[in-house]
Each structure stands twice: as structure tokens, then as C-alpha cells.
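Student: this one's structure only:
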């Protein structure tokens with residue numbers, strides 16, 4: 001009788017939750033776009049909104065979430081990191097960015113990701129600091145927490161802007 005724990009799939013550990021996080025972001029973005037139109041808000045007032053002066057704007061939170069997800073898949077597959085210009089100025093453009101990121105996540109290749117469970121992955125944290133983590137630690141300790149931080153912050157910015165969001169809007173993608 002073997003006492004070894006079952007093999008863990010890096011793909012299963014990372015990709016479904018990354019996809020759900022981005023789908024959650026898409027849900028709240030679409031609700032925000034409708035709300036802004038219905039309330040006749042100036043879109044830039046919401047897109048530029050921050051929780052605190054030293055925090056990133058709503059638009060930047062969306063950009064950071066999508067960069068985290070897209071580059072997370074790249075890192076886990078061991079491919080060159082992709083880059084997307086941060087030039088969105090409307091809800092429609094942000095929605096398109098999230099949809100493109102979801103498309104990338106859906107192309108994630110299990111055969112490329114699973115072998116990297118214990119492979120070291122480097123993450124540049126500014127010009128002078130690099131994190132080196134195993135694939136497992138990267139997924140559990142960086143990719144998912146970082147992605148969900150930005151999605152949650154975007155959600156909270158929208159709530160402070162009066163967008164009628166609830167926990168179900170956030171969690172629905174994780175539960176389906």
C-alpha cells in the first residue's frame with residue numbers, strides 16, 4: 001500500500017482559478033458599463049477612480065489583473081512573456097482586453113504546464129529584485145493572490161462608484 005500523496009497537476013492548480021478570476025472581472029466590467037450608461041456618468045470618472053490616492057486607478061487594476069493572468073500562463077508554459085499596450089480609455093476597450101486574456105487562458109497547454117510543478121520560475125519585481133519560485137509556489141503564492149487582489153480591488157472601486165454589485169457577481173465564475 002503506497003503512502004505517497006497523489007501527483008498534483010500544476011494546470012489544475014492554476015488555470016481554472018485564473019480563468020474564473022478573469023471571468024469574474026468580465027462580469028463586473030459589463031455591469032459597470034451598463035450602470036455608467038444608465039446613470040449618465042462620465043465614464044472617465046469611474047475609469048480613473050481609486051480607493052486611495054496612492055493606489056492604482058480602476059483602469060490600471062484591470063490592466064494589472066489581465067497582465068498577471070496572461071503572463072502567468074506564459075510563465076507556467078515556459079514561453080516568452082507576452083506584452084499588451086496599456087492604452088485602454090473606455091469600458092469597451094477594457095472588456096475587449098479581458099476577453100482577449102480569457103482567450104489566452106483557454107489556450108493554456110496542460111502538457112506544457114504540468115511538467116513545471118517544481119521548476120523554478122523567475123518573476124522580476126522592479127529593476128533590482130527577482131523572485132524565484134517553483135511552479136507550485138508561483139501559482140499558489142503569486143499568480144492567484146496577485147490576480148485576485150487586482151480583481152477584488154477593481155470590484156471595490158466599482159462598489160464605491162455606486163455600481164450595484166454583490167458577492168454573487170464576484171463568485172459566480174468560481175462556482176460554475
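Tutor: Right, received. Where do you want to start? Because the structure is a prediction, the values reported are computed rather than measured.
Student: if I look at residue 135, how far off is residue 13?
Tutor: To residue 13, residue 135 is 9 Å away according to CB to CB, to the nearest Å. (Glycine included, C-beta is placed from N, CA and C.)
Student: ok, now residue 119?
Tutor: Distance from residue 119 to residue 13, by CB to CB: 14 Å.
Student: so residue 160 sits against residue 50, correct?
Tutor: No: with contact defined as CB atoms under 8 Å, residue 160 does not count as touching residue 50 (9.3 Å).
Student: quick one: average pLDDT of stretch 57-72?
Tutor: When pLDDT is averaged over stretch 57-72, the result is 98.
Student: all strands for this structure, in order.
Tutor: 120-124, 130-134 (DSSP state E).
Student: residue 30 is nearest to which of these?
Tutor: strand 120-124 (30.4 Å; CB to CB).
Student: for the chain, which segments count as helices?
Tutor: Here the chain has its helices, by DSSP state H, at 10-39, 43-47, 58-77, 91-106, 110-113, 135-138, 144-160, 167-175.
Student: pick the most deeply packed of the ones you listed.
Tutor: Neighbour counts (mean count of other CB atoms under 10 Å) averaged over each of those peak at helix 58-77, with a mean of 23.
Student: just checking the distance from that one to the centre of its chain.
Tutor: Remark: helix 58-77 is offset 5 Å from the chain centroid, using CA atoms, centre = their mean, to the nearest Å.
Student: list the helices and strands it packs on?
Tutor: Helix 58-77 sits against helix 10-39, helix 43-47, helix 91-106, helix 110-113, strand 120-124, helix 135-138, helix 144-160, with contacts defined as 3 or more CB pairs under 8 Å, 6 or more residues apart in numbering; DSSP states H and E.
Student: now these as CSV including distance to residue 85 and mean pLDDT?
Tutor: Rendered in CSV, the data for these read as follows (distance: least, CB to CB, whole Å; pLDDT from 0 to 100):
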stretch, distance to residue 85, mean pLDDT
helix 10-39, 18, 97
helix 43-47, 16, 96
helix 91-106, 10, 98
helix 110-113, 26, 97
strand 120-124, 19, 93
helix 135-138, 25, 96
helix 144-160, 18, 98
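Student: who wins for proximity to residue 65 among these?
Tutor: Nearest to residue 65, of the helices and strands packed on helix 58-77 and by CB to CB, is helix 144-160 at 3.8 Å.
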